[in-house]
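[1] any chance you could fold what I've pasted below:
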Amino acid sequence: MKWPEVRQHFPDRCVLVEALQSKTVGNERVIKEMSVIDDFENGNTAWKVYKKLHAENQNRELYIFHTNNEEIKVIEQPYIGVRRKI
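    Below you'll find the predicted structure:
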């Protein structure tokens, strides 16, 4: 599905999606096709399901969006690691 289709099928909902076709342009991840895994009333429940699925398979490209947004934007940021105090 494309984002306009997701918005039409799941109005005023949080959706957990998996990117099926995506690419990086500059520092933005552009998602062309996605599959809706589930929809939720609030982001907290969506986040719990996201964490469970991500723990099972970290290679899946999962995102949580709210369908009130006309457009989606995913900005990639390099992972700098966790700092430890020595």
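[2] what about this protein, any weak spots by pLDDT?
    Within the chain, the segments meeting pLDDT under 70 span 83-84, 86.
[3] quick check, central residue of it?
    residue 63 (1.0 Å; C-alpha atoms, centre = their mean).
[4] grab the nearest non-local neighbour of that one.
    Spatially, and ignoring its direct neighbours in sequence, residue 63 is nearest to residue 17 (5.4 Å; C-beta to C-beta, 6 or more residues apart in numbering). Quick note: C-beta positions are derived from backbone N, CA and C, even for glycine.
[5] now that neighbour: which helix or strand?
    Using DSSP states H and E, residue 17 falls within strand 14-25.
[6] helix or strand next in line after that strand, which one?
    Per DSSP H and E, the first helix or strand lying C-terminal to strand 14-25 is strand 28-40.
[7] for the helix or strand hosting residue 8, output the C-alpha coordinates as PDB.
    Under DSSP H and E, the secondary-structure element containing residue 8 is helix 3-9. Taking C-alpha atoms only, helix 3-9 is exported to PDB below (Å, rounded to 0.1, in the frame of the first residue of the first chain):
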ATOM      1  CA  TRP A   3       0.500   6.100   2.400                       C
ATOM      2  CA  PRO A   4      -2.600   7.800   0.900                       C
ATOM      3  CA  GLU A   5      -4.300   4.300   0.800                       C
ATOM      4  CA  VAL A   6      -3.200   3.600   4.400                       C
ATOM      5  CA  ARG A   7      -4.700   6.900   5.500                       C
ATOM      6  CA  GLN A   8      -8.000   6.100   3.800                       C
ATOM      7  CA  HIS A   9      -8.300   2.600   5.200                       C
END
